[in-house]
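J.: Here's my sequence, what's the structure:
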Amino acid sequence: MDTINSKRIAWHAAIFCGTVISIWSVAAFLSGLAQVNWQVSELLRQYLIAVGLMQEFHTLSDFYTHIKGVEYIIAVLFLGAFPAFYTYLNRTKGGIVTKT
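T.: Residues are numbered from 1 along each chain as shown. Alright, predicted model coming up:
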């Protein structure tokens, strides 16, 4: 009987904590939207800048340097993945059985 009551208390506590966190996150999201005049794309842009996934470039040279860096990363990934993909395509699965 005691374990049933403790499970019920834990269940209600989890529901309460989830509800409080949900209400807080919705309030934070709506507050952010209100600050950017209800523009979802602007809120997303500001979030990506804040976490460092997007940068604002002030000169063409800054932008070009960033693009070249991304291009070099893509090239290195391709040169590393291509031999593995080539060996995967050209592997033999076993002997070939022929009828005579």
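J.: How is the chain partitioned into domains?
T.: Per the record, the chain has its domains at 1-54, 56-91, by automatic domain parsing.
J.: what would these look like in a markdown table with mean neighbour count, distance to residue 98 and mean pLDDT?
T.: C-beta: built from backbone N, CA, C; applies to glycine. Formatted as a markdown table, these follow (neighbours: other C-beta atoms under 10 Å; distance: least, C-beta to C-beta, whole Å; pLDDT from 0 to 100):
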| stretch | mean neighbour count | distance to residue 98 | mean pLDDT |
| --- | --- | --- | --- |
| domain 1-54 | 10 | 56 | 92 |
| domain 56-91 | 10 | 20 | 91 |
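J.: The residue most central in space within the chain: what's it in contact with?
T.: Geometric centre of the chain, nearest residue: residue 53, 10.5 Å, by C-alpha atoms, centre = their mean. The contact partners of residue 53, by C-beta atoms under 8 Å, 6 or more residues apart in numbering, come to none.
J.: Same list, the domains of the chain, but as CSV with distance to residue 99 please.
T.: Conversion of these to CSV gives the following (distance: least, C-beta to C-beta, whole Å):
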stretch, distance to residue 99
domain 1-54, 59
domain 56-91, 24
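J.: roughly how far apart are residue 24 and residue 34?
T.: 16 Å (C-beta to C-beta, to the nearest Å).
J.: right, I mislabeled it, should have said residue 14
T.: The spacing between residue 14 and residue 34, counted by C-beta to C-beta, is 30 Å.
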